[in-house]
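**Student:** Following is a predicted model, sequence given first.
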Amino acid sequence: MNISDIKAALKADESYDIVYRTLKICDTDLCLFFVDGFIKDSVAEKIIEFFYSIKDKTLLKDAYTFSKNCVPYTEVDLLKNTEQICTAVLSGQMAVVCDGFDRAVLIDVRTYPQRDNATPEKDKVLRGSNDGFVETLVLNTALIRRRIRDTNLRMKSFTVGNESKTDVVLCYMDNKADKKLLATLTQKIQNINVKSLTMNIQSIAEAIYHHKWYNPFPKIKYTERPDTAASAVLDGNIVIIVDNAPSVLIIPTSIFDIMEEADDYYFPMVTGTYIRLSRWLVTILSMLITPLWLLALQNPEYVPEVFRFILLDESPNIPVFWQLMILEIAIDGLRLAAINTPNMLSTPLSIIGGIVLSDFSVQSGWFAAESILYMAIVAITNYSQPSYELGYAIKFMRIIILVLTAIFNLWGFIGGIIITFIFIATNHTISGKSYLYPLFPFNAKKFLRTVIRVRS
């Protein structure tokens, strides 16, 4: 192995950020290769200073002797394969190459640029930890390790992507995880043949599991909270961590797992149970409120006198069904607009848009006030549970029920609910278990723990 070969393999003269520094130590040429921005200058200076202090030439006779006696760092490895050396350097490690050495000495002194691990914008809690995952893999694994100080905790590392060579970690408890599922995931990750994980966690999710396109209910739970991930690991689940992703995947998960939230456990048992049951009720309400209203308008004779106020006094200019469908799309349009609006403008534009659009759309005759009211309730209730994927699954089911109710009236409404239940009941977790477990197959003890927040 020689310096020129590694320099050519890294294309060091063609990329400004790949730095190489040649040192003359005891009449022997050493060359340091690293990526600018992944290593702190102060650390590199200390290592170079230590190398210059070497006076015994016998310490430079081979890579093994050199690494044992002359490298002032804890994480050191020896590699012979040129491709592996290049991958290690591009991942942030420092490679020490010497003409005559049979291997390169890799020093793991990388420090990735990262943001603060502040409270996640999506997975906020009223009480509890305020740290969150960031885009740096090592810090994310450390956040879980900090919460689980057990020798059974395993962090199994992989490299995925022929070009990106992205680091992926399987995190699990060796004495609790499903060994069959673990072996399946390991094999699938090792066999992934893609150029890169462009969309990090979504790319790995699609690579390890080919979802049935017609069933929108999610099989994977995403979280940006280390406490949620640690709790899942302790329950026997497997967490997949991907470098450059500020969230992790939890496998396997049922629909009850996906609807759980950290606030359920940060409050006393009675309060936590109330919060959980309220979330379930509101989620079901968000799916049924507009179809039920449409069904009532189509069958006013079935509406009790006490609820007659929900009926329209005047015939609308646009059929109520089409009003609701337009508003379904409009809400998503407003959501996308809010995402792309600068922070300094989002609040005033949201207020102006909400007041102006709703008021003038009613006055102009486009929409009934009741249509906007019920769709506003739907829009708010969508945020009552933490999973975007489940939120959109509920939305698609709501649209199906609306369409069937508009066409087939009462039987269409009943058929839509049956179809929704079939979609949920025929779904399975990635491990092949029921999506409705512990309700089906029924496990009384676990179902009680699912419904009622018991002592943790």
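**Tutor:** Okay, I see it.

**Student:** now the helices for the stretch 301-450 of the chain?
**Tutor:** 320-340, 343-363, 369-381, 388-425, 444-451 (DSSP state H, counting those that start in this stretch).

**Student:** buried sites along the shortest one?
**Tutor:** In other words, helix 444-451. If you call a residue buried by 16 or more other Cβ atoms under 10 Å, then helix 444-451 has these buried ones: 447, 450. For glycine as for every other residue, the C-beta is placed from the backbone atoms N, C-alpha and C.

**Student:** for that helix, the distance to its chain's centre please.
**Tutor:** 27 Å (Cα atoms, centre = their mean, to the nearest Å).

**Student:** Next: the third one.
**Tutor:** Mean-position distance between helix 369-381 and its chain equals 29 Å (Cα atoms, centre = their mean).

**Student:** just the angle between it and helix 388-425, please?
**Tutor:** Between the axes of helix 369-381 and helix 388-425, defined by axes from the mean of the first three to the mean of the last three Cα atoms, to 10 degrees, the angle is 100 degrees.

**Student:** For the helices of the stretch 301-450 of the chain, give me TSV that also has mean pLDDT and distance to A142.
**Tutor:** Putting the helices of the stretch 301-450 of the chain into TSV (pLDDT from 0 to 100; distance: least, Cβ to Cβ, whole Å) gives the following:
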stretch	mean pLDDT	distance to A142
helix 320-340	87	30
helix 343-363	66	30
helix 369-381	89	37
helix 388-425	95	27
helix 444-451	88	30
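
**Student:** Any chance of those helices in TSV with distance to K122 as columns?
**Tutor:** TSV is the format used below for these (distance: least, Cβ to Cβ, whole Å):
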stretch	distance to K122
helix 320-340	12
helix 343-363	16
helix 369-381	16
helix 388-425	8
helix 444-451	23
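
**Student:** so which of these gets nearest I240?
**Tutor:** helix 388-425 (15.6 Å; Cβ to Cβ).

**Student:** Mind giving me the packing neighbours of the closest one?
**Tutor:** Helix 388-425 makes packing contacts with helix 255-258, helix 269-298, helix 320-340 when contacts are defined by 3 or more Cβ pairs under 8 Å, 6 or more residues apart in numbering; DSSP states H and E.

**Student:** Tell me which of these is the most buried.
**Tutor:** Ranked by mean neighbour count, the helices and strands packed on helix 388-425 are led by helix 255-258 with a mean of 20 (mean count of other Cβ atoms under 10 Å).

**Student:** Low-confidence regions, the stretch 201-350 of the chain specifically.
**Tutor:** Residue ranges of the stretch 201-350 of the chain with pLDDT under 70: 211, 343-350.

**Student:** if you set the cut-off to 80 instead, what comes out?
**Tutor:** For the stretch 201-350 of the chain, residues meeting the criterion pLDDT under 80 lie at 210-213, 334, 337-350.

**Student:** closest to L78 out of the helices and strands packed on helix 388-425?
**Tutor:** Per Cβ to Cβ, nearest to L78 of these: helix 255-258, 43.2 Å.

**Student:** next helix or strand past that closest one?
**Tutor:** Sequence order places helix 263-266 as the next helix or strand after helix 255-258, per DSSP states H and E.

**Student:** one step back: now the helices and strands packed on helix 388-425 as JSON lines including distance to I430?
**Tutor:** Shown next, in JSON lines, are the helices and strands packed on helix 388-425 (distance: least, Cβ to Cβ, whole Å):
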{"stretch": "helix 255-258", "distance to I430": "12"}
{"stretch": "helix 269-298", "distance to I430": "22"}
{"stretch": "helix 320-340", "distance to I430": "28"}
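
**Student:** just so I know, which of these lies nearest Q114?
**Tutor:** helix 320-340 (23.0 Å).

**Student:** Quick one: list the elements packing against that closest one.
**Tutor:** With contacts taken as 3+ Cβ pairs under 8 Å, 6+ apart, helix 320-340 sits against helix 269-298, helix 343-363, helix 369-381, helix 388-425.

**Student:** Over to the spatially closest residue to D99 that is not a sequence neighbour: give its phi and psi.
**Tutor:** Closest residue to D99 apart from its sequence neighbours, by Cβ to Cβ, 6 or more residues apart in numbering: N2 at 4.8 Å. When read as degrees, to the nearest 10, the backbone of N2 gives phi -140, psi 160.

**Student:** Is the closest residue to F33 other than its chain neighbours in a helix, a strand, or coil?
**Tutor:** Setting aside the residues directly before and after it, F33 is nearest to A95 in space (Cβ to Cβ, 6+ apart), at 4.4 Å. Taking DSSP: H, G, I helix; E, B strand; the rest coil as the rule, one finds A95 in the strand state.
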